[in-house]
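**Student:** Provide a 3D model corresponding to the input given below.
(one chain, ligands or ions: 1)
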Amino acid sequence: MATGRTHRPATRSRGIPEATVARLPLYLRALTALSERSVPTVSSEELAAAAGVNSAKLRKDFSYLGSYGTRGVGYDVEYLVYQISRELGLTQDWPVVIVGIGNLGAALANYGGFASRGFRVAALIDADPAMAGKPVAGIAVQHTDELEHIIESNGVSIGVIATPAGAAQQVCERLVAAGVTSILNFAPTVLTVPDGVDVRKVDLSIELQILAFHEQRKAGEEDGPDSGGPAVAARAAAAVADDRKGPDGDMPAVMPA
Ligand SMILES: NC(=O)c1ccc[n+]([C@@H]2O[C@H](COP(=O)([O-])OP(=O)(O)OC[C@H]3O[C@@H](n4cnc5c(N)ncnc54)[C@H](O)[C@@H]3O)[C@@H](O)[C@H]2O)c1
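**Tutor:** Residues are numbered from 1 along each chain as shown. Down below sits the predicted model:
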């Protein structure tokens, strides 16, 4: 058994580095905004600024896709949207199940951004018998007794866990046994999964803790170099935080589990 993605190689089988894969959704988000404004072409500098990425890095990333742009014209926005979507596997529909339909699960079910990006919420599952049959975001909640049948009959490969932490591992195991191979985990616990199963973890409280650290560091810097303790401690902690920096130096809101 392996825990999350700890031992995955830094390069995927088709030769695209993981760091590039992690930036593709940023490019896609910026390109989609351009496409919605009917902008036909974009320079690497403009797109890099819109995506919050360094332009040399962007050109290198796009070279992995075989996309080099045209000198003096830039990149064709629609074609790049298609290329990145295809690379990310978004040109097909991905049925997703959400397990745990409490405050968070219901909010996720109501989020329109999944469907618009090709993630169809196929089912909502909860262990509370009182929830069964109740509509959330227009979908009737189904009881966990149905979990295996739902996964198999809908060909679901992506599961979202929004249960309390204590239930998450067991839910994860049932999802995986039924055929799910990718899990987005919102429960504040580390999941153990077999090799071949990808887990991404979202923990907003960790993000807030990191922001709190930076706030503390800023306060230490304002105190000046002679203030001693806090500024020194903050610099030491900054070195630790730097290890967590995302591909472009920002802090990822979604971290590998
Ligand atoms: N990642 C984040 O940033 C973030 C933010 C908010 C909440 N959370 C976490 O998300 C989880 C849900 O939070 P919430 O506020 O929606 O809680 P909640 O209590 O409102 O909802 C939890 C739901 O899970 C259901 N449930 C319990 N055990 C289950 C099981 N074995 N199988 C299926 N369903 C089960 C419950 O019936 C309930 O409907 C918690 O673990 C919480 O800590 C994470």
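**Student:** how about the helices in this structure?
**Tutor:** Taking DSSP state H to define them, one finds helices in the chain at 18-36, 44-51, 55-64, 77-87, 103-110, 113-116, 147-154, 165-178, 204-223, 229-242.
**Student:** Could you export these as CSV, including mean pLDDT and mean neighbour count?
**Tutor:** Heads up, the C-betas are built off the backbone N, CA and C, glycines and all. Listed next are these as CSV, based on pLDDT from 0 to 100; neighbours: other CB atoms under 10 Å:
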stretch, mean pLDDT, mean neighbour count
helix 18-36, 94, 18
helix 44-51, 95, 18
helix 55-64, 93, 17
helix 77-87, 93, 18
helix 103-110, 96, 17
helix 113-116, 83, 12
helix 147-154, 97, 16
helix 165-178, 98, 17
helix 204-223, 88, 13
helix 229-242, 47, 12
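**Student:** could you redo those as TSV and give each row distance to residue 125?
**Tutor:** TSV is the format used below for the helices of the chain (distance: least, CB to CB, whole Å):
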stretch	distance to residue 125
helix 18-36	26
helix 44-51	35
helix 55-64	37
helix 77-87	28
helix 103-110	9
helix 113-116	16
helix 147-154	6
helix 165-178	9
helix 204-223	23
helix 229-242	37
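**Student:** and the chain, what are its domains?
**Tutor:** Domain segmentation of the chain under automatic domain parsing yields 18-87, 94-202, 206-256.
**Student:** Report how many residues lie close to whatever residue of the stretch 101-250 of the chain ends up closest to the ligand.
**Tutor:** For the stretch 101-250 of the chain, the nearest residue to the ligand under the criterion CB to the nearest ligand atom is residue 102, separated by 1.7 Å. Each residue near residue 102 was counted by other CB atoms under 10 Å, and the total is 13.
**Student:** Check residue 201 too.
**Tutor:** That count, for residue 201 with other CB under 10 Å as the rule, works out to 21.
**Student:** you'd agree residue 35 is up against residue 76?
**Tutor:** No. Residue 35 is not in contact with residue 76 according to CB atoms under 8 Å; the separation is 10.6 Å.
**Student:** Provide the partner residues of residue 99 in its beta bridges.
**Tutor:** Applying DSSP bridges to residue 99 gives these bridge partners: residue 125, residue 161.
**Student:** which residues touch residue 158?
**Tutor:** 94, 95, 96, 97, 119, 180, 182, 183, 184 (CB atoms under 8 Å, 6 or more residues apart in numbering).
**Student:** what does residue 41 give?
**Tutor:** 70, 73, 74, 75, 76, 77.
**Student:** isn't the last one right up against residue 40?
**Tutor:** Yes. Under the contact definition of CB under 8 Å, residue 77 touches residue 40, with a separation of 6.1 Å.
**Student:** Find residues that contact each of these two.
**Tutor:** By CB under 8 Å, 6+ apart, residue 77 and residue 40 have no common neighbours.
**Student:** Around the ligand, which positions in this protein sit nearby?
**Tutor:** Contacts of the chain with the ligand, taken as CB under 6 Å from any ligand atom, map to 99-105, 125-128, 144, 162-165, 167, 171, 186-188, 202-204.
**Student:** same thing but 8 Å
**Tutor:** By CB under 8 Å from any ligand atom, the residues of the chain that approach the ligand are 99-107, 125-128, 131, 144, 161-168, 170-171, 185-189, 201-205, 207.
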